[in-house]
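Q: The following comprises the amino acid sequence and a computationally predicted model.
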Amino acid sequence: MSVSKTEETEPRATSRDWMGLAVLALPTLLVALDMNVLFLALPRLTAELGADSVEQLWITDAYGFMVAGLVITMGTLGDRIGRRKLLLTGAVAFAIASLASAYAPNPTVLIAARTVLGIAGATVMPSTLALITNMFRNGQERGKAIAVWATCNFTGAALGPVVGGILLDHFWWGSVFLMALPIMVVVLIAGPLVLPEFRPPQAGRLDLTSVLLSMLAILPVVYGIKTLATGNGTATVSVVAILVGLVFGIVFVRRQLRLENPLLDLRLFTRRSFALVVLALALAGIVMAGVGLLVTQFLQSVLGYSPLVSALWFAPMGLAVAVGTMVTPAFTKSLKPSVAIAGGLAVSTLGAAVLIVVNSTWGPVPVVIGIAILAVGTGPLFTIGTGLVVGSVPPERAGSAAA
């Protein structure tokens, strides 16, 4: 495919930018790993800390709960105060909270530490992606850089159970958190040297009312859905929580449409391609997370494998995501983005069909084949979709779009 005149005139990335990408890959991979790293550690952790069913739920989900509630706020905050500054601040908090999680003496302390981890994780993810859009202005180079970011992000989430299983085979359950310390030390040392700071000259103020409304909209809905699904609360409480969140969501939307500098530019969703890509990314993320949870529990609880053996059987899912995301830039040279995404999702459908029909009498092989096919097909969506979202806004709004 020939290079356009626009791309020929766009500034090329320097060696410092590529080194910066390597630094950004580390926290991206770590934060994604932490999302699912407790899947295989949960049985042993529960036994040693004496966590009940409700505490198990929050030990597993407090992290993702806070990321979901704060990622939009943190992405916009990075646009206001500087993306590198937010990233480094989040790295410090992530390291401290990881240390506290590793040596938590009881479920309450672990839940609190995981909550802080989620807040820190919400600062890291949009900062890394927004910095990539600032560092790589050439379209082709930006596509490759986003492919690396997507590989670290989505492969990290898929490999979380694998890393957890390997560590559990040699160390105690708290070891799954300690891997964050050396990574964040590297980020804190190398980040100021190779990462540029980006803060628009007219950044505007952070609307704290919008921040509060966004949390009041997201957190009750997530809480209501989770308690409704797990049966740990009454159906009435769950439904009320969802309705409360939706009401605050409506208020949040109306406020954003009135503000000159909104926390989240909802007018972007009037673009059909943008709205469809965001919806597809959300649904694909739900499917991947759900499959990861169910398959890891199936390998341990139904087939009776140890954490290490379960981790090895589950590894093809992460590897398949990596293959799918990294080969996507090559496919886009000959295929339209829409065709590449649709083709990949068609492949994922085949993998999902395999998972629907397997049962315990067939052993682990069909399950592994199913998750690998499903995962490799998501590569074009994760890579191209992420690029379309962050490329739809000017650089000064990249943090908000990344969130």
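A: Noted; the coordinates are in hand.

Q: show me where pLDDT drops low in the stretch 201-350 of the chain?
A: By pLDDT under 70, the weakly predicted segments of the stretch 201-350 of the chain are 201-204, 230-233.

Q: Can you name the helix or strand that the spatially most central residue of the chain falls in?
A: Nearest to the mean C-alpha position of the chain, by CA atoms, centre = their mean, lies residue 32 at 5.3 Å. Residue 32 is part of helix 15-36 when elements are defined by DSSP states H and E.

Q: residue boundaries of the helices in the stretch 301-403 of the chain?
A: 307-331, 337-357, 365-377, 379-390, 398-402 (DSSP state H, counting those that start in this stretch).

Q: Highest mean neighbour count out of those helices?
A: Highest mean neighbour count of the helices of the stretch 301-403 of the chain: helix 398-402, a mean of 28 (counted as mean count of other CB atoms under 10 Å). C-beta coordinates here come from the backbone N, C-alpha and C atoms, glycine included.

Q: ok so, going back, what are the neighbouring residues in contact with the residue nearest to the centre of the chain?
A: Neighbouring residues of residue 32 by CB atoms under 8 Å, 6 or more residues apart in numbering: 152, 153, 154, 155, 156, 157, 160.

Q: The helix or strand the last one falls within - what's its average pLDDT?
A: The reference is to residue 160. Per DSSP H and E, residue 160 falls inside helix 139-170. What helix 139-170 shows for mean pLDDT is 75.

Q: Kindly calculate the angle that that helix makes with helix 365-377.
A: 150 degrees (axes from the mean of the first three to the mean of the last three CA atoms, to 10 degrees).

Q: pretty sure residue 325 contacts residue 150?
A: Yes. Between residue 325 and residue 150 there is a contact under CB atoms under 8 Å: 4.6 Å.

Q: Report the set of residues contacting both of these two.
A: Residues touching both residue 325 and residue 150 by CB under 8 Å, 6+ apart: 379, 382, 383.

Q: between those, which is closest to residue 52?
A: residue 382 (36.1 Å; CB to CB).

Q: didn't the closest one look like it was pressed against residue 281?
A: Yes. With contact defined as CB under 8 Å, residue 382 reaches residue 281; the gap is 7.2 Å.

Q: Buried by neighbour count: which residues of stretch 101-112 qualify?
A: For stretch 101-112, burial by neighbour count (16 or more other CB atoms under 10 Å) applies to 101, 102, 104, 107, 110, 111, 112.

Q: ok, the second one to residue 171 distance?
A: Here the criterion is CB to CB, to the nearest Å. By it, residue 102 lies 10 Å from residue 171.

Q: go on, residue 89?
A: For residue 89, the distance to residue 171 equals 29 Å [CB to CB].

Q: Who has more neighbours out of those two?
A: Set side by side, residue 89 and residue 171 show more neighbours around residue 89, with 18 against 11, by other CB atoms under 10 Å.

Q: residues contacting residue 82?
A: Counting by CB under 8 Å, 6+ apart, residue 82 makes contact with 197, 198, 199.

Q: Quick check: phi and psi on it?
A: Taking degrees, to the nearest 10, you get phi 120, psi 130 for the backbone angles of residue 82.

Q: who's in contact with the residue nearest to residue 169 when sequence neighbours are not counted?
A: Leaving aside its chain neighbours, residue 169 sits nearest to residue 308 (3.8 Å; criterion: CB to CB, 6 or more residues apart in numbering). Residue 308 makes contact with 165, 166, 168, 169, according to CB under 8 Å, 6+ apart.

Q: Please tell me how far the last one sits from residue 294.
A: Right, residue 169. Distance check for residue 169 against residue 294: by CB to CB, it reads 22 Å.

Q: just residue 248 next, same as before
A: For residue 248, the distance to residue 294 equals 31 Å [CB to CB].

Q: of the two, who's got more company?
A: Neighbours of residue 248 and residue 294, each counted by other CB under 10 Å, are more numerous for residue 248; the result is 20 against 14.

Q: mind listing what the closest residue to residue 392 other than its chain neighbours touches?
A: Nearest non-adjacent residue to residue 392, counting by CB to CB, 6+ apart: residue 274, 5.5 Å away. Residue 274 makes contacts with 268, 388, 389, 392, as judged by CB under 8 Å, 6+ apart.

Q: gap between the first one and residue 68?
A: Residue 268 sits 19 Å away from residue 68, going by CB to CB.

Q: before we move on, back to that, just want the angle from the helix holding residue 160 to helix 307-331.
A: When the same axes, to 10 degrees is applied, the directions of helix 139-170 and helix 307-331 differ by 170 degrees.

Q: Use 492 as the first number from now on
A: Will do, 492 is the new start, and the previous item becomes helix 630-661.

Q: chain center to the next helix-or-strand element following helix 630-661, what's the gap?
A: Where DSSP H and E defines the elements, the next helix or strand beyond helix 630-661 is helix 666-669. Computed by CA atoms, centre = their mean, to the nearest Å, the chain-centroid distance of helix 666-669 equals 19 Å.

Q: Please list the residues outside helix 666-669 that contact it.
A: Counting contacts by CB under 8 Å, 6+ apart, the residues outside helix 666-669 that touch it are 525, 528, 529, 532, 589, 590, 592, 593, 654, 655, 658, 659.

Q: pLDDT of that helix, averaged?
A: In this model, helix 666-669 carries a mean pLDDT of 82.

Q: Export that helix to PDB, keeping only CA atoms.
A: Extracted C-alpha coordinates of helix 666-669, given in PDB (Å, rounded to 0.1, in the frame of the first residue of the first chain):
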ATOM      1  CA  SER A 666       3.400 -13.000  45.200                       C
ATOM      2  CA  VAL A 667       1.000 -12.100  42.400                       C
ATOM      3  CA  PHE A 668       1.100  -8.500  43.600                       C
ATOM      4  CA  LEU A 669       4.800  -8.100  44.100                       C
END
